[in-house]
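Peer 1: Predicted model follows, preceded by the sequence.
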Amino acid sequence: MVNKWVCLNGQLMPENQASIPITDRGFLFGDGLFTTLRVEQGQVEFWQSHLERLVHQCHQLRLIFPRLDFKWIEELIRLNLAHKGIWRLKMMITGGDERYLSLPLRQSSIQLLTLQSYKLEPFTPCRLTLYPSPIVKPTAHLKSLSYLDRLYVYDYANLKGYDDAVVCNCEAYLLETAFSNLFWIKNCQLYIPDPSLSYLQGIFLTNLIKYLKFPIHFFKGGIEDIPNEATIFISNSLNHLRPVTEIDHRIFSRHLDLEKQLQEVIQLALSNNRYP
């Protein structure tokens, strides 16, 4: 079995040799951030966007951003023989090793880069359910290491036989799914949940909006407020895009010409956002 390699605090090492201290705040409290990038044929997608968000969110958490050299990622790709196929690159930063119950300005203690082969989900329609309870978190706009709630939502959907679940706030406004953004299109108009709501707008959706150039509308409403003629999608950095044909027993139609148009826009966005 070929050993996987990781990069821990700038040092490349076999995965089975990497360890973190039990005093690390990422372990104790989920104090820290991460971002997940798609690597295809050895190239990292939307690298600059992911890096800028990670730096910005470290600032929001009062974490001093550590040194990060892209050469570490290139070497990680080489050592893991990741120049072919699709891989998941995960970059994690933890919030120090002090046990205080506050978030002062602080140095990060762990910076971990991992790379794993990724089995791409097929471009097939998916079915979503609604998570039955509202979810409101002060850190919802952050890519936080505290991720158990999303696993819980995803598990709920799977146990009901769905691909994922849509979460709402206390006003029953649609926000996102466990692992993806939700958006829809009608008459060449793009609708996304209002950015003022408590959710994370992903890197992929942000870039899709930029290159699609459809008029954009910010939406505050529930499932009943989505028109029957809407074409619905979920998106994230790993799988890019999937059409949605059902949300909690409401059926929506696919629009194959629109799907083709979106795929062309994605390729245009990627042609300008692959690194190196």
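Peer 2: All right, it came through fine.

Peer 1: Identify the residues contacting the helix or strand where Leu54 lies?
Peer 2: Using DSSP states H and E, Leu54 maps to helix 47-60. By CB atoms under 8 Å, 6 or more residues apart in numbering, the residues outside helix 47-60 that reach it are 33, 35, 37, 64-65, 68, 70, 91, 93, 108, 142-143, 203, 206-207, 237, 273, 275. From N, CA and C alone the C-beta is placed, and that goes for glycine too.

Peer 1: And for stretch 157-177?
Peer 2: 126-131, 134-136, 140, 153-154, 156, 178-180, 182, 193-194, 197-200, 219-223, 226, 234, 247-248.

Peer 1: can you check stretch 243-260 too?
Peer 2: Here stretch 243-260 has contacts from 123, 125-130, 166, 182, 185, 223, 226, 228, 230-234, 241, using CB under 8 Å, 6+ apart.

Peer 1: Please repeat the previous calculation with a cut-off of 6 Å.
Peer 2: Pro125, Cys126, Arg127, Leu128, Thr129, Leu130, Ile223, Thr231, Ile232, Phe233, Ile234 (CB atoms under 6 Å, 6 or more residues apart in numbering).

Peer 1: The second one touches Arg242, doesn't it?
Peer 2: Yes: using CB atoms under 6 Å, Cys126 is in contact with Arg242, at 5.0 Å.

Peer 1: Can you flag the buried ones in the contacts of stretch 157-177?
Peer 2: Buried subset of these (neighbour count, 16 or more other CB atoms under 10 Å): 126-131, 135, 140, 153-154, 156, 178-180, 182, 193, 197-200, 219, 226, 234, 247.

Peer 1: List the beta-bridge partners for Phe7.
Peer 2: Careful, residue 7 is Cys; it's not Phe. When bridges are called by DSSP bridges, Cys7 pairs up with Leu12, Leu113.

Peer 1: Doesn't Leu151 belong to a strand?
Peer 2: No: if the criterion is DSSP: H, G, I helix; E, B strand; the rest coil, then Leu151 is helix and not within a strand.

Peer 1: picking up where we left off before, mind checking which of the contacts of helix 47-60 are in strands?
Peer 2: Among the contacts of helix 47-60, DSSP state E puts Leu33, Thr35, Leu37, Ile64, Met91, Ile93, Tyr275 in strands.

Peer 1: so how far is Ile266 from the third one?
Peer 2: Summarising the geometry, the distance separating Leu37 from Ile266, computed by CB to CB, to the nearest Å, is 15 Å.

Peer 1: quick one: which of these two has more around it?
Peer 2: Regarding Leu37 and Ile266, a neighbour count based on other CB atoms under 10 Å identifies Leu37 as having more, with 22 against 18.

Peer 1: What separation do you get for the more buried one and Leu256?
Peer 2: On the measure of CB to CB, Leu37 and Leu256 end up 29 Å apart.

Peer 1: Glu45 too?
Peer 2: 25 Å.

Peer 1: what about the two, which has more around it?
Peer 2: Taking other CB under 10 Å, Glu45 and Leu256 do not tie; Glu45 has more neighbours (23 against 10).

Peer 1: doesn't Thr36 make contact with the more buried one?
Peer 2: No: here Glu45 does not reach Thr36: they are 10.7 Å apart, not a contact under CB under 6 Å.
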